[in-house]
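*Asks:* sequence? don't have it. structure:
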């Protein structure tokens, strides 16, 4: 039996809780209010199918049993209780789920919004509370799960979901053959954010003929680089109804998502990587509780970009809370691709002389400032003692020199790891351990971020140094992952979870100690581009594709995953660059936060004038980069390393419209893209040739040749 226990409208989303009074199972469904008229009753049984009717017995053969809004597994309970062949592929629908039954629900209303709490209980006294929260004005919901051990004995979790959606799709009475699709984003080093759009059939997730088989596409990543293979994002689409459901997980450690199929409907769930996938178990003593990381959920009748807009908008509140100096999107200079890990006082001040009086606000000294004669930048970090050879008068003198030229000095740290050439590495104390041995990968060890000794050391070497030298900007890099986990009384996966939470606390310590400090989130470029880290920092390095022609591809794709105002895009500039190449590189920075690097002090007057022209245009475009809506138009080949065709990113607000255009190999002579509604006039332009023609709701632009870039800013 399947009924709607209760429903509630939160913003423009109808939240429904289906349940089965017989089993006590409660599910969670989301429906766009604008699609409510498309809902159809689900078939109750497979009876009527010839291959079912020939079977003996009186089994009701349910077509869409309620799939629980919490997926949970306790040690000792049976695996794969409700279906066959799942054990080892999924821990969903375990016996634990069946043993928790609906107890009560509550709607908590505040001035800020609403929270729906659904409570499940088990005979032994254990309790689960699923919380779904909505903030007024928001287009997405926050999902969390709290497990409490109310039994008289310890229990051990080996799975607990942050969210679990069922009922996809409620717009078809059966299994919606041929109309369900799944969207994900792949990620590898220097090539982050490749969108993947595949049918449920292609993923081999058609329902089993009888509903006996359980099928799961479980994906995610292990370790402390949460965007190392996939972004923690999943979406499903009903192509006939025009509805999307999406989820994004806020977690910087091991995580998983699942696309699950057993019956007519598709299920989406996710959270911490479980025991099978992430080596995680967590023991709770009587009375103890455990809360999952948050997940963001949304649904929309519209297109995929609108779904992504609703999720990225959830990042706004945390970014608005960053230091006031960040609010007009200052331009950054970073010397990594200038000095390549060998910065010196005189060279740094020469850069500052070039930047003096320009719109650049931050000048960041990148890696290598701590090197001694027998170490390099990559493995010599961890002691954080400034080099007296590179900075003979000390780092403060260099930071002061930067400030004297009207800039805010910044400094690079890879503070959570220790290089093999450092003294700290050789001491072998306060590090994560695995099998009783310091966890070591690629000549790096990892500070135990829950060890008071490690935190005291980092507070002195990082926070004290930043404060005493007057640095106003911190770039936090992170160039290795802790992998599956570290030693812990519960499990290696739990050790890793605690490490992530300890890292969060240190970021919070830095912000409390230095409230005006601007922090950049970098992890070999884009390996930490997920909401929990984005929310703790002002901006993030988009990629390590510093000088590559694919920069515009990566930067534009990330508009679906992070706010452009946080998306730091590099333009590495060289004296040997042609004006065309300079414009190509600089135009890409309008896709996010402009960050310059390279030998800019050696640029000719003509070249520097091109850079200043770009910076002046960027300052005008900053408002629409900060708050706007993006759509990408392109005709591209499959390769990112050798891109073919063209791309245009159109971003508009109420009174500004920004177009960033790049031509790649074999680019056409001109392109045509839609214009947002309104009476627009061209306010400024950077690069390009020929006059744009705006008519009939479209604009026609000349590309200008292969590997060209241009920017057009329009106002109403």
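*Replies:* That came through, no problem. Keep in mind the model is a prediction, meaning the values are calculated, not measured.
*Asks:* make it CA atoms for all contacts and neighbour counts henceforth
*Replies:* Noted.
*Asks:* mind checking which helix or strand residue 677 is in?
*Replies:* According to DSSP states H and E, residue 677 maps onto no helix or strand at all.
*Asks:* I meant to write residue 235 there.
*Replies:* Here residue 235 sits within strand 233-238, counting by DSSP H and E.
*Asks:* What is that strand packed up against?
*Replies:* Packing partners of strand 233-238 (3 or more C-alpha pairs under 8 Å, 6 or more residues apart in numbering; DSSP states H and E): strand 180-188, strand 243-249.
*Asks:* Comparing those, which comes out most buried?
*Replies:* strand 243-249 (a mean of 26; mean count of other C-alpha atoms under 10 Å).
*Asks:* Output the contacting helices and strands for whatever helix or strand comes next after that strand.
*Replies:* Per DSSP H and E, the first helix or strand lying C-terminal to strand 243-249 is strand 255-261. Other helices and strands packing on strand 255-261, by 3+ C-alpha pairs under 8 Å, 6+ apart, are strand 215-221, strand 266-272.
*Asks:* Any idea which of the ones you listed gets closest to residue 68?
*Replies:* In terms of C-alpha to C-alpha, the element of those nearest to residue 68 is strand 266-272, at 9.7 Å.
*Asks:* Now do that closest one against strand 215-221, angle only.
*Replies:* 30 degrees (axes from the mean of the first three to the mean of the last three C-alpha atoms, to 10 degrees).
*Asks:* Give the rounded mean pLDDT of strand 266-272.
*Replies:* Strand 266-272 shows a mean pLDDT of 98.
*Asks:* Listing partners with orientation, what would you give for that strand?
*Replies:* strand 155-168 (antiparallel), strand 255-261 (antiparallel) (DSSP bridges).
*Asks:* Any idea what residue 408 is bridged to?
*Replies:* residue 362.
*Asks:* how many neighbours does it have?
*Replies:* 22 (other C-alpha atoms under 10 Å).
*Asks:* Could you verify my assumption that it touches residue 471?
*Replies:* Yes: between residue 408 and residue 471 there is a contact under C-alpha atoms under 8 Å: 7.1 Å.
*Asks:* Next one: residue 163 from residue 275, what distance?
*Replies:* Separation of residue 163 from residue 275 (C-alpha to C-alpha, to the nearest Å) stands at 17 Å.
*Asks:* how about the residue sitting nearest the centre point of the chain, phi and psi?
*Replies:* Computing the C-alpha centroid of the chain and ranking residues by C-alpha atoms, centre = their mean puts residue 530 first, at 2.4 Å. Main-chain dihedrals, residue 530, degrees, to the nearest 10: phi -130, psi 160.
*Asks:* Could I get the buried residue list for stretch 277-292?
*Replies:* By neighbour count with 16 or more other C-alpha atoms under 10 Å, stretch 277-292 contains the buried residues 277-284, 286, 289-292.
*Asks:* what residues are up against residue 171?
*Replies:* Residues near residue 171 by C-alpha atoms under 8 Å, 6 or more residues apart in numbering: 38-40, 241.
*Asks:* just the angle between the strand holding residue 235 and strand 255-261, please?
*Replies:* Going by the same axes, to 10 degrees, strand 233-238 makes 20 degrees with strand 255-261.
*Asks:* which of the helices and strands packed on strand 255-261 is buried the deepest?
*Replies:* Taking mean count of other C-alpha under 10 Å, strand 266-272 is the most buried of those, at a mean of 26.
*Asks:* Look at residue 461 and give its secondary structure.
*Replies:* Three-state call for residue 461 (DSSP: H, G, I helix; E, B strand; the rest coil): helix.
*Asks:* what do you get for the one 3 residues further on?
*Replies:* Per three-state DSSP, the local secondary structure of residue 464 is helix.
*Asks:* What is the burial count for it?
*Replies:* The local packing of residue 464 (other C-alpha under 10 Å) involves 15 other residues.
*Asks:* again with residue 3
*Replies:* Quick note: residue 3 (other C-alpha under 10 Å) scores 12 neighbours.
*Asks:* now stretch 406-425: mean pLDDT?
*Replies:* Here the average pLDDT along stretch 406-425 is 97.
*Asks:* Kindly report the same for stretch 436-450.
*Replies:* The pLDDT scores in stretch 436-450 average 97.
*Asks:* Model confidence score at the spatially closest residue to residue 236 that is not a sequence neighbour, please.
*Replies:* Excluding its sequence neighbours, the residue lying closest to residue 236 (C-alpha to C-alpha, 6 or more residues apart in numbering) is residue 182, at 4.5 Å. Listed pLDDT for residue 182 reads 98.
*Asks:* ok, now residue 81?
*Replies:* On the pLDDT scale, residue 81 gets 81.
*Asks:* Tell me if it really is in a strand.
*Replies:* No: according to three-state DSSP, residue 81 belongs to no strand; its state is coil.
*Asks:* Identify the residues contacting it.
*Replies:* Applying C-alpha under 8 Å, 6+ apart, the residues near residue 81 are 93-95.
*Asks:* I'd like the distance between it and residue 96.
*Replies:* Separation of residue 81 from residue 96 (C-alpha to C-alpha) stands at 8 Å.
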